[in-house]
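Undergrad: pasting the sequence and the predicted coordinates here, then a few questions.
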Amino acid sequence: MSTVAERDGLDDAFADAEFTSKRPLDYVPGILLLIAVGLAGKYAEIGWLALGKRLHWHVPDIEFVLWAIVIGLIIANTVGLHRIFRPGVLTYQFWLKVGIVALGSRFVLGDVLKLGGISLVQILVDMAVAGTIIILAARWFGLSGKLGSLLAIGTSICGVSAIIASKGAIRARNSDVSYAIAAILALGAVALFVLPPLGHAIGLSDHEFGLWAGLAVDNTAETTATGYLFSDEAGKIAVLVKSVRNALIGFVVLGFALYWAARGEADELAPGFGAKAAFVWAKFPKFVLGFLAVSAVATAGLLSKGQLTNVANVSKWAFLLTFAGVGLSTDIRQIARTGWRPLLVAVVGLVVVAVVSLGLVLLTSRVLGWGVGGH
């Protein structure tokens with residue numbers, strides 16, 4: 001794969017990178033498309049339920065989340081997405097962050113801190129098990145050490161965002177980054193459609209499934225969609241748990257950067273605590289702080305009931321654009337071109353993370369009783 005093709009691969013995968021255009025008007029077509037697909041998903045949900053009622057059929061309540069994603073997928077993988085739409089469609093990552101920040105209004109800060117503490121224990125165990133197994137699997141299948149590192153980082157922490165954050169820190173090749181992103185996006189699409197039915201089949205509560213989705217799904221957008229496909233409450237919990245995972249990006253990238261620097265295959269970091277703290281802060285996702293700030297304001301009673309409702313509506317609209325963007329940004333052909341070995345290692349990672357995280361959720365909620373009743 002040539003360098004140009006590798007960059008195209010990153011574009012096609014819609015990585016969490018900087019937008020390719022700077023003129024405001026260039027974003028308009030894509031944002032209008034996001035709105036159109038999101039609204040189409042919402043009206044498809046309403047129409048589907050109305051059709052079932054008119055024909056006296058008992059039809060499943062298919063949430064607008066799934067409709068929007070499927071409509072986006074069909075557009076992106078049939079007629080394709082013209083480049084005029086790309087800058088605007090890429091903003092779905094921005095709308096995701098807006099939605100998460102606004103979602104803070106629906107949480108009491110005490111519950112955030114409590115669930116965050118529980119999640120941290122689960123995440124650390126999950127990370128250690130998943131990361132180790134993925135690195136070992138990558139060696140077994142003959143992948144390069146840095147590709148294995150990228151897959152481990154992407155699977156155990158935060159998907160594409162973590163891979164992009166790690167690229168420069170460990171001096172990974174463009175081809176390795178392309179492979180890792182495509183594999184992570186493929187697994188995010190699989191988890192999106194597999195986990196909610198599994199959760200219902202297992203009999204998980206909203207709280208339990210939200211924990212599971214937040215721990216098991218890699219990309220923040222897919223995590224959010226997976227949670228909301230199960231229920232509104234599960235979506236809220238999934239976003240909170242994923243935010244805790246996201247907060248660890250800086251520390252994990254720092255660890256891998258130090259490892260590869262010690263082997264002479266990455267830039268040496270300046271010695272001292274201050275330099276390392278600055279590195280972690282540079283990688284830290286700032287929108288997590290926005291989420292906590294809004295939660296603190298809501299908890300302090302500084303917003304009226306009407307204002308809280310307005311902020312919650314901002315979250316819903318932002319997520320509507322996000323879910324449309326998830327479908328529109330998933331290029332199945334690009335994923336298929338990745339090759340089987342990185343995908344197989346990523347599948348191993350997904351299964352391990354899903355099984356371990358489900359075990360942790362059931363242990364903490366049903367055996368230890370952590371967090372039960374809080375939501």
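TA: Arrived safely. Numbering: from 1, shown residues only.

Undergrad: so what's the residue nearest in space to the middle of the chain up against?
TA: Centre of the chain computed as the mean C-alpha position; nearest residue by Cα atoms, centre = their mean is T220, 1.7 Å away. Shown in contact with T220 (Cβ atoms under 8 Å, 6 or more residues apart in numbering): 96, 100, 158-159, 161, 242, 246. (Glycine included, C-beta is placed from N, CA and C.)

Undergrad: out of those residues, what pair is the most spread apart?
TA: Greatest spatial distance in those: I100 and G159, 14.5 Å, computed using Cβ to Cβ.

Undergrad: who has more neighbours, these two?
TA: G159 (29 against 26; other Cβ atoms under 10 Å).

Undergrad: quick one: residues contacting that one.
TA: Taking Cβ under 8 Å, 6+ apart, we find G159 in contact with 184-185, 188, 218-220, 222.

Undergrad: cutoff 10 Å now
TA: G159 is in contact with 15-16, 153, 180-181, 184-185, 187-188, 217-223, 242, 245-246, counting by Cβ atoms under 10 Å, 6 or more residues apart in numbering.

Undergrad: do the same with V244
TA: So V244 contacts 112, 115-120, 122-123, 214-215, 288 (Cβ under 10 Å, 6+ apart).

Undergrad: which one of those is nearest A266?
TA: Nearest member of these to A266, counting by Cβ to Cβ, is I123, at 24.7 Å.

Undergrad: give me the helices and strands touching the host helix or strand of the closest one, please.
TA: In the assignment (DSSP states H and E), I123 maps to helix 109-140. Under the contact criterion of 3 or more Cβ pairs under 10 Å, 6 or more residues apart in numbering; DSSP states H and E, helix 109-140 touches helix 145-153, helix 206-216, helix 232-246, helix 249-262, helix 287-299, helix 340-362.

Undergrad: looking at these, which one is packed in the most?
TA: Most buried of the helices and strands packed on helix 109-140 by mean neighbour count (mean count of other Cβ atoms under 10 Å) is helix 206-216; its value is a mean of 28.

Undergrad: pull the CA atoms of that helix into CSV?
TA: Provided in CSV are the C-alpha atoms of helix 206-216 (Å, rounded to 0.1, in the frame of the first residue of the first chain):
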residue,chain,number,x,y,z
ASP,A,206,-30.3,-1.2,31.9
HIS,A,207,-27.6,-0.5,34.4
GLU,A,208,-25.7,-3.7,33.7
PHE,A,209,-25.9,-3.3,30.0
GLY,A,210,-24.7,0.3,30.1
LEU,A,211,-21.7,-0.8,32.2
TRP,A,212,-21.0,-3.6,29.7
ALA,A,213,-21.3,-1.4,26.6
GLY,A,214,-19.1,1.2,28.2
LEU,A,215,-16.4,-1.4,29.0
ALA,A,216,-16.6,-3.6,25.9
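
Undergrad: show me what it is packed against.
TA: Against helix 206-216 (3+ Cβ pairs under 10 Å, 6+ apart) you get helix 109-140, helix 174-202, helix 220-230, helix 232-246, helix 340-362.

Undergrad: nearest to Q307, out of these?
TA: helix 109-140 (16.9 Å).

Undergrad: which positions in that closest one come out as buried?
TA: Residues of helix 109-140 classed as buried: 109, 111-112, 115-116, 118-119, 122-123, 125-127, 129-131, 133-135, 137-138 (neighbour count, 16 or more other Cβ atoms under 10 Å).

Undergrad: pLDDT of it, averaged?
TA: In this model, helix 109-140 has an average pLDDT of 84.

Undergrad: centre of the chain to it, how far?
TA: 15 Å (Cα atoms, centre = their mean, to the nearest Å).

Undergrad: next one, pLDDT for the residue nearest to V190 when sequence neighbours are not counted please.
TA: In this structure, V190 finds its nearest non-sequential neighbour in L350, 7.0 Å apart by Cβ to Cβ, 6 or more residues apart in numbering. You'll see L350 listed with a pLDDT of 80.

Undergrad: which ones are touching L350?
TA: By Cβ under 10 Å, 6+ apart, the contact set of L350 is 130, 134, 155, 183-184, 186-188, 190-191, 194-195, 216-218.

Undergrad: show me what counts as buried in stretch 153-172.
TA: Residues of stretch 153-172 classed as buried by neighbour count (16+ other Cβ under 10 Å): 153-167, 169-170, 172.

Undergrad: what ranges in the stretch 51-200 of the chain fall below the confidence cut-off?
TA: Per-residue confidence for the stretch 51-200 of the chain (pLDDT under 70) gives these ranges: 58-62.

Undergrad: outside of stretch 23-34, which residues touch it?
TA: 19-21, 68, 72, 75, 81-92, 94-95, 320-325, 327-328.

Undergrad: ok, stretch 114-126 next?
TA: Looking at stretch 114-126 with Cβ under 10 Å, 6+ apart, the contacting residues turn out to be 107-108, 155-157, 207, 210-212, 214-216, 237, 240-245, 247-248, 292, 352-353, 356-357, 359-361, 363-365, 368, 370-371, 374-375.

Undergrad: kindly export that stretch (C-alpha atoms) in CSV.
TA: Included here for stretch 114-126 are C-alpha records, laid out as CSV according to Å, rounded to 0.1, in the frame of the first residue of the first chain:
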residue,chain,number,x,y,z
LYS,A,114,-19.5,6.7,42.6
LEU,A,115,-20.0,5.0,39.2
GLY,A,116,-16.7,6.4,38.0
GLY,A,117,-14.9,4.8,40.9
ILE,A,118,-16.6,1.4,40.2
SER,A,119,-15.8,1.7,36.5
LEU,A,120,-12.2,2.5,37.1
VAL,A,121,-11.6,-0.8,38.9
GLN,A,122,-13.4,-2.7,36.1
ILE,A,123,-11.5,-0.8,33.4
LEU,A,124,-8.1,-1.4,34.9
VAL,A,125,-8.7,-5.2,35.1
ASP,A,126,-10.2,-5.2,31.6
